[in-house]
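Chemist: Have a look at this prediction, sequence included:
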Amino acid sequence: MSLTTDEIKKIAYLARLGIDESDIDAYANDLSNMLDLMTQMGKANTAGINPMAHPMDQMQRLRPDVATETNQRDHFQALAPQTEAGLYLVPKVLD
């Protein structure tokens, strides 16, 4: 897929990127090559291949799900300007 100069300018505008006119051809070439690579990768047969969360296919060590901090809600709510029934009261933002 070959990108035109106008398409590169539109992409730069949408991405809020300022690029020099002299660099547009290089950007067009690089982005076209990337899109061609994505097209080739999309054509690859991936049937029967399970997705991986990590390229090394390693298991993540998990820690036990236990509370390690003491409950200090009453202490922190004592510092707040307004609380009610264990909740922080804040001014209404939306009408």
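Modeler: Yes, it's here.

Chemist: show me where this protein has strands.
Modeler: 83-84, 87-88 (DSSP state E).

Chemist: quick one, which of the ones you listed is nearest to residue 8?
Modeler: Nearest to residue 8, of all those, is strand 87-88, at 49.3 Å by C-beta to C-beta. The way it works is simple: take the backbone N, C-alpha and C, and place the C-beta from them, glycine included.

Chemist: among the strands of the chain, which is nearest residue 54?
Modeler: Comparing those against residue 54 with C-beta to C-beta, the closest turns out to be strand 87-88 (38.5 Å).

Chemist: Distance check, the residue lying farthest from the centre of the chain against residue 72.
Modeler: Relative to the C-alpha centroid of the chain, counting by C-alpha atoms, centre = their mean, residue 78 is the outermost residue, at 36.9 Å. The spacing between residue 78 and residue 72, counted by C-beta to C-beta, to the nearest Å, is 10 Å.

Chemist: for the protein, which spans come out with low pLDDT?
Modeler: Regions of the chain meeting the criterion pLDDT under 70 cover residues 95.

Chemist: Regarding it, what is its longest helix?
Modeler: If each helix of the chain is counted by residues according to DSSP state H, the longest one is helix 24-42.
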